[in-house]
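Visitor: Output the structure for:
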Amino acid sequence: MSPRDRLLALVVVVAWGVNFPMTALALEHFPPIFLVALRFALLAVPTLLFVPRPPIPWSRLLVVGVGLGILQFGFLYLGMAAGMPSGLASLVLQASAPATVVIAAIWLRERITRRQAIGIGVAVLALAVIAAHRSQVAALLPVVLTLCAAVGWGLGNVAVRRAAAPDPLRLTLWMSVVPPVPMLALSLVVEGPQRIGDSLVGAFSLAALPSVVGLLYVVLVATVLGYGLWTRLLAAYPSSTVAPFSMLVPVVGVLASWVAFDEVPDLVEVGAGVVVVAGVLYASRAPRALAAEPRVPAGEPRVPAEPHVAAEPRVPAAETPAPAEPRVPAEPHVPAEPRVPAAESGPTPPSGRNTVH
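Guide: Numbering: from 1, shown residues only. Sure thing, here's the model as predicted:
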């Protein structure tokens with residue numbers, strides 16, 4: 001991965017890390033399932049009106065929308081509404097990285113390198129340490145819901161790579177067309193029309209301003225900017241190379257939640273976060289062996305030998321014209337022989353004069 005694309009991946013990390021406390025603010029006013037529908041509806045309406053659909057089959061677009069939209073955010077918002085703190089949610093959700101690698105290996109037959117396996121394994125162990133350390137903060141149900149969201153994210157990541165859309169931003173925008181209708185229908189059944197209506201009416205009050213700001217951040221920054229860059233990276237690199245960067249999100253998420261809600265991380269979390277960063281960087285870095293391979297090939301010593309073999313035909317080619325040269329001078333020497341018989345036949349009649357003298 002180039003340094004520029006690594007920087008873009010870090011921009012996504014920051015955008016998504018801050019997204020967790022912003023989502024917590026939005027959930028203080030809006031019901032979780034309706035928040036998913038509202039979030040994507042705000043993108044779907046202008047997308048349908050002004051953005052051409054990406055040239056990919058509808059089936060692939062639906063899989064991306066189900067994975068990244070319905071499964072990921074449906075389970076995540078339910079988990080956070082059930083009591084999952086935003087910092088811990090940002091941590092548990094990063095199980096999507098190994099989920100992405102495993103799903104890509106099964107679905108796309110992508111090969112997992114030894115470096116990626118080691119880096120991801122180290123990061124997963126560090127995440128497990130943080131999760132175990134903070135497990136007393138959240139009950140089992142919110143953790144399970146957030147893990148389901150991580151699997152949905154992994155499925156969506158692989159679906160984005162399989163879609164191979166030429167314009168990642170258009171894919172991100174059109175992915176938003178999938179969740180609104182099914183999530184609104186589910187919200188009407190589970191949360192009820194009364195709760196939905198109250199949240200819409202109260203959205204214009206001063207008390208709901210932080211929730212509205214959180215919603216706008218989720219829509220514009222986390223979705224448009226974050227997923228636009230993310231889908232671009234997934235279209236350019238294997239899923240196993242891009243996905244480990246998502247493990248950096250909890251580092252930003254924990255710090256942002258510390259600032260927003262005074263969720264103070266302790267030394268264990270900070271130390272494990274450093275290990276997560278190291279594991280992700282190790283997994284995403286190209287191995288030196290690949291860079292050294294062009295120098296090592298044993299074929300290079302053989303290359304000079306090939307021109308030497310090609311020089312052998314020149315020797316017989318030079319010998320062939322050499323014997324032809326003696327034959328050419330031999331032919332002009334042949335006409336000299338007729339002069340001898342011509343001289344002998346001339347003096348035959350006057351041979352008697354010579355005898356007389």
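Visitor: Now stretch 47-56: buried residues?
Guide: By neighbour count with 16 or more other Cβ atoms under 10 Å, stretch 47-56 contains the buried residues T47, V51, P54, I56. Placement of C-beta: from N, CA and C, glycine included.
Visitor: Now, these that are in strands?
Guide: Using DSSP state E, the subset of the buried residues of stretch 47-56 located in strands is empty.
Visitor: Out of the residues you listed, which comes closest to V252?
Guide: T47 (27.6 Å; Cβ to Cβ).
Visitor: Can you name the helix or strand that the closest residue to the closest one other than its chain neighbours falls in?
Guide: In space, and not counting its chain neighbours, T47 is closest to L173: 4.3 Å by Cβ to Cβ, 6 or more residues apart in numbering. In the assignment (DSSP states H and E), L173 maps to helix 168-175.
Visitor: and that helix, what other elements does it pack with?
Guide: helix 32-50, helix 58-64, helix 140-163, helix 228-236 (3 or more Cβ pairs under 8 Å, 6 or more residues apart in numbering; DSSP states H and E).
Visitor: now the buried residues of stretch 47-56 in TSV, with distance to R39?
Guide: Output for the buried residues of stretch 47-56, formatted as TSV (distance: Cβ to Cβ, whole Å):
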residue	distance to R39
T47	13
V51	17
P54	20
I56	23
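Visitor: Turn those residues into a markdown table, including distance to V177 and pLDDT.
Guide: Below are these laid out as a markdown table (distance: Cβ to Cβ, whole Å; pLDDT from 0 to 100):
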| residue | distance to V177 | pLDDT |
| --- | --- | --- |
| T47 | 6 | 94 |
| V51 | 10 | 93 |
| P54 | 11 | 91 |
| I56 | 13 | 91 |
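Visitor: Show me the one of the helices and strands packed on helix 168-175 that comes nearest G273.
Guide: helix 140-163 (17.8 Å).
Visitor: which helices and strands sit right next to that closest one?
Guide: helix 58-64, helix 72-81, helix 86-92, helix 96-107, helix 168-175, helix 228-236, helix 239-242.
Visitor: tell me which residues in it are buried?
Guide: Under 16+ other Cβ under 10 Å, the buried positions of helix 140-163 are 142-143, 145-163.
Visitor: so which of the helices and strands packed on helix 168-175 gets nearest E269?
Guide: helix 140-163 (16.3 Å).
Visitor: What count of nearby residues applies to A105?
Guide: 15 (other Cβ atoms under 10 Å).
Visitor: That one is in contact with I112, isn't it?
Guide: Yes: between A105 and I112 there is a contact at 5.7 Å, judged by Cβ atoms under 8 Å.
Visitor: which parts of stretch 62-76 are buried?
Guide: For stretch 62-76, by 16+ other Cβ under 10 Å, it's 63-76.
Visitor: Quick one: end-to-end length of stretch 105-116, please.
Guide: Between the start and the finish of stretch 105-116 there is a gap of 12 Å, counting by Cα to Cα, to the nearest Å.
Visitor: Low-confidence ranges, the stretch 251-357 of the chain, go.
Guide: Along the stretch 251-357 of the chain, segments meeting pLDDT under 70 span 265, 284-357.
Visitor: Now do the shared contacts for A105 and I112.
Guide: S240 (Cβ atoms under 8 Å, 6 or more residues apart in numbering).
Visitor: And the closest residue to L233 other than its chain neighbours, how close does it get to R39?
Guide: Spatial nearest neighbour of L233, excluding adjacent residues (Cβ to Cβ, 6+ apart): V242 at 4.7 Å. Going from V242 to R39 by Cβ to Cβ, to the nearest Å gives 23 Å.
Visitor: TSV for the helices and strands packed on helix 140-163, including distance to F204 and mean pLDDT?
Guide: Shown next, in TSV, are these (distance: least, Cβ to Cβ, whole Å; pLDDT from 0 to 100):
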stretch	distance to F204	mean pLDDT
helix 58-64	33	93
helix 72-81	22	94
helix 86-92	25	84
helix 96-107	35	83
helix 168-175	26	87
helix 228-236	29	85
helix 239-242	40	78
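Visitor: Those helices into CSV, with extra columns for distance to S211?
Guide: What follows is the helices and strands packed on helix 140-163, written out as CSV (distance: least, Cβ to Cβ, whole Å):
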stretch, distance to S211
helix 58-64, 28
helix 72-81, 13
helix 86-92, 14
helix 96-107, 26
helix 168-175, 24
helix 228-236, 24
helix 239-242, 31
